[in-house]
Each structure stands twice: as structure tokens, then as C-alpha cells.
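In: pasted the sequence and its predicted model underneath.
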Amino acid sequence: MSVTDTPRYAPGWLELREPADAAARATAPLGPLRDLLDRRRRKLPPQAPLTVRDIGCGTGSMARWLAPRLPGAQHWVLQDHDPELLARAAGAPPGPAADGAPVTVVTECADLTRLTAADLAGTDLLTASALLDMLTPGEIEALAAVCVAAGCPALLTLTVTGSPAFTPYDPLDADLTAAFNDHQRRTTAGRRLLGPDAAATARAAFARRGASVTTYAADWRLGPGHPELTATWLRGWAGAAVEQRPELAGAAAGYLRGREAELAAGNLRVTLGHEDLLVLPAGTS
């Protein structure tokens, strides 16, 4: 099976979460990433752009966040298996680079699990956002193998770690979290997803192949500042937990009513753990 067998992301959900994603992504990797890309740029002809491939790009939020934070001309290849999401990404391209240099975009409708080292020939950076937890162990191993074989660095952001922290506390938090995490690890269409185990699996897969991997906290911080996103996430989170453990349905309904009342009163805060990974080829200082 391929990643195209998984349910598609609704464009509205991706657009709703984009500001929270932008606020959560770690900025610490940008320094070493700029240094690495500057060295790669020196090997290119004058004015030639760096090539960035964003896999599982969705509506293009990663490009809109990262391209303006990197200097120099850039050429982004936005890859996804969903034509509607690619059309939205093409319709809202990133702005110019940090120094005003041009940023160009093309889209490619393709299954990321069939990515090869040849596909990455000439690619200066591979990126992905909120993707790894939707992959299987074998798919992450394959991704690591392809990147290392191509000598391509990677910035892999917003992988959920399965550790939401709620304020105020509710006794049902732990049960719903455990059920949701089991749902994220489910087997669907013959694919066993990694869910909250994905970041650790990816770190190990790249490290075994000699790459340097650095991880950064990139937590979502939800609450009154993001009321629609918080409410939408909360309903989806509890709904997935109940799908996994139907016996929680009655308790979860009361839990949601209470949490939504807390949110409306401005009292609910949720920190949702994510990790960003910066992967550099072996021998990169």
C-alpha cells in the first residue's frame, strides 16, 4: 500500500492550523541550515537558485514559512498526492527570499513513498511538515535511505509526540490521550502507522545511515488565542480516541462539553508536543 491510501487532509483544516504551525516551528535550525545552504550555493552557477523539495506539501504552508527565512534565489518543488491541495499551494506561493531574491514554485502530483535518490538529484534541501507520524516504519526507513544516498539534508517539522498537556487538569485526559495515541498507531489499508513513535523512528533511521540528526521542541500552544483551531482539534482528538475505544463515548461527550465551556471562558490551555528534526549529511560540520 502507499500513502495515497490514507484519508486526505481537508484544505480547511490545513488553512486553520497554518498560523499555529508557523508559531510552533523551531527557529533554531535556521542558523545551521543557512550555513549549509550557503556552502551548497557556492557550488552553483551565479544567480542559480537552490532547489527545495517539500514532500506531502498540502496547501504549501511550509514553503510560505521557510522560503522568506532563507536568503538567495530558491526553486521549490511542492509534491503531494492530492491535486486539490496542490492547486491551493500553487495559488498561494511563498513570498520572496529573506534578501528579496526570487522564489519560484512548481507542483508535482506524486506518491512520496515512491521517492528515489534520482528524484533528489540536484535537490539542496528536502522538507516536510506534519508528515512523519502518518508514515509506516518501512516508509521512514526508505525516506532516510533515499536522503542519505542523495546526500540531501532534510528539515522535517511538526511531528506529533503524543503528549498533550492540559490546563486545567481533567481526570479523563490520560485515558483519552492513550486511546488517541493508539488510534494514531493503527493499521489502515494494510499500513501500520507510527503516530507518536515517528520522530524517534526517524532519528534512528537517519542516524544508522551516518547522518547527523538534531531535534528541537516545536509545540503547539492552543487556547483562547486560537479558539476555532482549539475547538476543532479538541473534537477531532476526542473523536479519534472514541473511535479507538468506543466505551469512552459517554464520558468523552461530557468531557468535551466541559472543555468547550472552559475554552469559551478563556480558561483552557493545551500544549501539544511536536518535534522538528534537522538532518545533515554525514561529514557536515
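Out: Looks like it came in fine. Numbers count the residues shown, from 1 in each chain.
In: any idea how far residue 203 is from residue 229?
Out: Going from residue 203 to residue 229 by CB to CB, to the nearest Å gives 28 Å. Heads up, the C-betas are built off the backbone N, CA and C, glycines and all.
In: ok, residue 157 - contacts?
Out: By CB atoms under 8 Å, 6 or more residues apart in numbering, the contact list for residue 157 reads 21, 25-26, 62, 127-130, 218, 274, 276-277.
In: quick one: the strands in the stretch 101-250 of the chain?
Out: 103-109, 125-129, 154-160, 165-167, 187-188, 191-192, 212-217, 220-222 (DSSP state E, counting those that start in this stretch).
In: got CSV for these, with distance to residue 72 and mean pLDDT too?
Out: CSV is the format used below for the strands of the stretch 101-250 of the chain (distance: least, CB to CB, whole Å; pLDDT from 0 to 100):
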stretch, distance to residue 72, mean pLDDT
strand 103-109, 10, 98
strand 125-129, 12, 98
strand 154-160, 16, 98
strand 165-167, 39, 98
strand 187-188, 41, 94
strand 191-192, 38, 96
strand 212-217, 23, 97
strand 220-222, 30, 96
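In: redo the ones you listed as a markdown table? Include distance to residue 199.
Out: Shown next, in a markdown table, are the strands of the stretch 101-250 of the chain (distance: least, CB to CB, whole Å):
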| stretch | distance to residue 199 |
| --- | --- |
| strand 103-109 | 26 |
| strand 125-129 | 12 |
| strand 154-160 | 4 |
| strand 165-167 | 17 |
| strand 187-188 | 20 |
| strand 191-192 | 16 |
| strand 212-217 | 7 |
| strand 220-222 | 15 |
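In: coming back round to it: and residue 203 and residue 229? Which one has more around it.
Out: residue 203 (21 against 18; other CB atoms under 10 Å).
In: who does residue 125 form a beta bridge with?
Out: residue 52 (DSSP bridges).
In: out of the strands of the stretch 101-250 of the chain, which gets nearest to residue 265?
Out: Nearest to residue 265 among the strands of the stretch 101-250 of the chain is strand 165-167; the distance by CB to CB comes to 13.0 Å.
In: in that closest one, what counts as buried?
Out: residue 166 (16 or more other CB atoms under 10 Å).
In: can you check stretch 139-149 too?
Out: Buried residues in stretch 139-149, defined by neighbour count with 16+ other CB under 10 Å: 139-148.
In: show me which positions of the helix ranked longest in the chain end up buried.
Out: Taking DSSP state H as the assignment, the helix of the chain that covers the most residues is helix 227-244. By neighbour count with 16+ other CB under 10 Å, helix 227-244 contains the buried residues 229-231, 233-234, 237-238, 240-242, 244.
In: CA atoms of it as PDB?
Out: Extracted as PDB, the C-alpha positions of helix 227-244 are listed here (Å, rounded to 0.1, in the frame of the first residue of the first chain):
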ATOM      1  CA  PRO A 227     -10.400  29.400  19.700                       C
ATOM      2  CA  GLU A 228     -11.600  27.800  16.400                       C
ATOM      3  CA  LEU A 229      -8.500  25.800  16.000                       C
ATOM      4  CA  THR A 230      -8.500  24.600  19.600                       C
ATOM      5  CA  ALA A 231     -12.200  23.600  19.400                       C
ATOM      6  CA  THR A 232     -11.700  21.800  16.100                       C
ATOM      7  CA  TRP A 233      -8.600  20.000  17.300                       C
ATOM      8  CA  LEU A 234     -10.200  19.000  20.600                       C
ATOM      9  CA  ARG A 235     -13.300  17.500  18.800                       C
ATOM     10  CA  GLY A 236     -11.100  15.600  16.400                       C
ATOM     11  CA  TRP A 237      -8.800  14.400  19.100                       C
ATOM     12  CA  ALA A 238     -11.600  13.100  21.300                       C
ATOM     13  CA  GLY A 239     -13.400  11.700  18.300                       C
ATOM     14  CA  ALA A 240     -10.400   9.600  17.300                       C
ATOM     15  CA  ALA A 241     -10.000   8.400  20.900                       C
ATOM     16  CA  VAL A 242     -13.600   7.300  20.900                       C
ATOM     17  CA  GLU A 243     -13.200   5.600  17.600                       C
ATOM     18  CA  GLN A 244     -10.400   3.600  19.100                       C
END
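In: before I go, just wanted to say thanks for your time.
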